[in-house]
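Student: Give me the fold of what follows.
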Amino acid sequence: MSSTTALNETPVAPWLVGGVWRRSGAERFGPVYNPSTGRPIARAPLCGPEQVNAAVEAAAAAQPAWGATPAVQRARVMFAYRELIAAHFDELAALVTREHGKTLAESQAEVQRGLEMVEFACSVPSLMKGETLADIARDVDAETVRHPVGVCVGITPFNFPNMVPLWMFPTAIACGNTFVLKPSEKVPLSAVRLGELLMEAGLPDGVFNIVHGDKAAVDALLTHEQVSAVSFVGSTPIARHVYETGTQHGKRVQAAGGAKNHLVIMPDANLELSVQALSGSAFGCAGQRCMAGSVAVAVGDMGDALVDALCAHADRLKAGPTDGGGDADMGPLINPDAVARIGRYLEMAPAQGATVALDGRAKAGGDGFVVGPSVVDRVGPGTPLATEEIFGPVLSVIRTDDLEEALAIGDGCAYGNGASIFTRDGYAARQFKHRFNAGMIGINVGVPAPMAWFPFTGWNRSFFGDLHLQGVESIHFHTRQKTTLTRWFKGAGDASADPVWRSRPGLQSR
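Tutor: Take a look at the predicted model:
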């Protein structure tokens, strides 16, 4: 059977419009692989402007009634949704492993992080409360109230098919907005299952919609006149495109981009614990996450010992298929293109003056997209291995003389997502916390990703926008404020007859 025939015989992932699941209408399709086997398991319909318009119009039609629904009732839908996700926890985790390739433990952690965002959204009656001030002027009271912004859009990446959509739509919907989700065409199945459970939780038709697709669908969403807000997570070039296109068309946009995260290891660090944390950061989820440690900065005389220990530890990790059981410590990459990309970076290392201390390609094999962890030593600052987002299980090691030199490397990084330091020195940790050029900082923590109650605060080219994903900032992004000034008069007399009004003419001009 040819690969084309095999793909054509796979089921089509449905899209959701106005409470109805659809499978017809798209003219183009993309393969959805099981990375553990290398074989297609589904087809993602690449929706065009017609399908996108239907989804947005359904969301726009549903928004007035949903926005008028009391916040307490909207929160109850999120409480029901939370219980359904918990009840289907193992199913959702297995689905992530099947279409993405994470180990089951990594998939379970992803579902848990997404579940916490739903729990956060359950508290929306408290989080949407406004502010009041009595007598802001004589006999005048002021209040602010938060209102939904309208139709919101989420455009999500392949690397967290469950968690990242849950970063977006529970908060948006709980705030009274309606939503159109465009998941990655590489991993549409988790989004479909999340949508099915949301409908089961009692959400009215049209409040949540799904379209699949590529750039054509994205651009149709970014330019649609009925879309008010767009949330995006992905690479920096696309994040910039989403931000610029969306804002040019009058939308508020939050666009999280790529990263080049630094892990600084001081001479006084606990080597064993540091290596465990570095390995988990660089090679967890096969390095396919924007918070992955990509550059290890060895300070002082730490270099040789660190590289030796990293290589020994990483070489013991078992890379292999994850779907259907097994004991792999690290799963496959998402598709053949990712495998080829990792190979290109390892091949260019000698020309950049670096040494491949551990080559993960030696562990490749089978039909899946498996590549083992790699360590590249003596990487020069400013070279592609030090500056470009590789998005795979490759850890570059840069050597510096002192912390100041390590901080300078951070200052020269175009990204600014996360960074961590490993040390027992409180002063060094404090200097790093205050001065390193990144929005999320770890101290003896391999992956300094915040949980649901705190914002995901990328800097520089890692984020385009003002209000971040997660935390209270996500509530502010999905609402707009209205301020009301109120002045009450005695009786039904004319305001001009009121002596207080006459004595304060400035009030009339405000």
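
Student: Could you check how far the closest residue to Asp367 other than its chain neighbours is from Gly246?
Tutor: When the adjacent residues along the chain are set aside, Asp367 lies closest to Gly38, with 4.1 Å between them (C-beta to C-beta, 6 or more residues apart in numbering). C-beta coordinates here come from the backbone N, C-alpha and C atoms, glycine included. Relative to Gly246, Gly38 is positioned 36 Å away (C-beta to C-beta, to the nearest Å).

Student: These two - which one has more neighbours?
Tutor: Taking Gly38 and Gly246 together and counting by other C-beta atoms under 10 Å, Gly246 has the greater number of neighbours (27 against 18).

Student: Next one: that one from Val149, what distance?
Tutor: From Gly246 over to Val149 the distance is 13 Å, taken as C-beta to C-beta.

Student: what's the answer for Ala80, then?
Tutor: Applying C-beta to C-beta, one obtains 24 Å for the distance of Ala80 from Val149.

Student: can you list the domains in this protein?
Tutor: The chain breaks down into these domains under automatic domain parsing: 11-258+460-482, 261-414+418-443.

Student: now those in a markdown table, with mean pLDDT and distance to Lys490?
Tutor: Rendered in a markdown table, the data for the domains of the chain read as follows (pLDDT from 0 to 100; distance: least, C-beta to C-beta, whole Å):
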| stretch | mean pLDDT | distance to Lys490 |
| --- | --- | --- |
| domain 11-258+460-482 | 97 | 10 |
| domain 261-414+418-443 | 96 | 53 |
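
Student: can I get the ones you listed in TSV with distance to Phe454?
Tutor: Rendered in TSV, the data for those read as follows (distance: least, C-beta to C-beta, whole Å):
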stretch	distance to Phe454
domain 11-258+460-482	5
domain 261-414+418-443	9
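
Student: tell me what the helix or strand where Ile238 lies is packed against?
Tutor: If you go by DSSP states H and E, Ile238 is part of helix 236-248. With contacts taken as 3 or more C-beta pairs under 8 Å, 6 or more residues apart in numbering; DSSP states H and E, helix 236-248 sits against helix 215-223, strand 227-233, strand 252-256, strand 463-464.

Student: residues contacting the residue nearest to Leu221 when sequence neighbours are not counted?
Tutor: In space, not counting the residues next to it along the chain, Leu221 is nearest to Val153; the distance is 4.9 Å by C-beta to C-beta, 6+ apart. Residues in contact with Val153 (C-beta atoms under 8 Å, 6 or more residues apart in numbering) are 179-182, 221-222, 227, 229-231.

Student: Show me which of these are buried.
Tutor: Among the contacts of Val153, those scoring as buried are 179-182, 221-222, 227, 229-231 (criterion: 16 or more other C-beta atoms under 10 Å).

Student: Distance check, Val56 against Ala68.
Tutor: Shown here: Val56 relative to Ala68, a distance of 20 Å by C-beta to C-beta.

Student: Please identify which of those two sits among more neighbours.
Tutor: Per other C-beta under 10 Å, whichever of Val56 and Ala68 has more neighbours is Val56, with 23 against 9.

Student: Next one: the more buried one from Gly250, what distance?
Tutor: Taking C-beta to C-beta as the measure, Val56 and Gly250 are separated by 14 Å.

Student: Over to Ala354?
Tutor: Between Ala354 and Gly250 the distance is 46 Å, computed by C-beta to C-beta.

Student: more neighbours, the two?
Tutor: More neighbours surround Ala354 than the other of Ala354 and Gly250, with 21 against 10 (other C-beta under 10 Å).

Student: From the contact counts, what lies against the lengthiest helix in the chain?
Tutor: Of all segments of type helix in the chain, defined using DSSP state H, the longest is helix 49-68. Counting contacts by 3+ C-beta pairs under 8 Å, 6+ apart, the secondary-structure elements packed against helix 49-68 are strand 15-17, strand 140-148, strand 151-155, strand 178-182, strand 208-210, helix 215-223.

Student: Next, the buried residues of stretch 273-284.
Tutor: Of the residues in stretch 273-284, those buried by neighbour count under the rule 16+ other C-beta under 10 Å are 274-275, 277-279, 281-284.

Student: Contacts for it next, please.
Tutor: For stretch 273-284, the external contacting residues (C-beta under 8 Å, 6+ apart) are 106, 261, 263, 265, 291-294, 296, 306, 309-310, 313-314, 317, 330, 373, 393-395, 420, 422, 444-447.

Student: Kindly give a single PyMOL line that selects the buried subset of these.
Tutor: To isolate the buried members of the contacts of stretch 273-284 in PyMOL, using 16+ other C-beta under 10 Å:
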select buried, resi 106+261+263+265+291+292+293+294+296+306+309+310+313+314+317+330+373+393+394+395+420+422+445+446+447
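
Student: mind listing which of the contacts of stretch 273-284 are in helices?
Tutor: Per DSSP H, the subset of the contacts of stretch 273-284 in helices is 106, 306, 309-310, 313-314.

Student: and which of the residues you listed is nearest to Ala438?
Tutor: Using C-beta to C-beta, the shortest approach to Ala438 within these belongs to Leu306, at 20.7 Å.

Student: Just confirm that closest one contacts Val297, I think it does.
Tutor: No - assessed by C-beta atoms under 8 Å, Leu306 is found out of contact with Val297, at 9.8 Å.

Student: Overlap in contacts, those two.
Tutor: Counting by C-beta under 8 Å, 6+ apart, the common neighbours of Leu306 and Val297 are 265, 397.

Student: All set, thanks.
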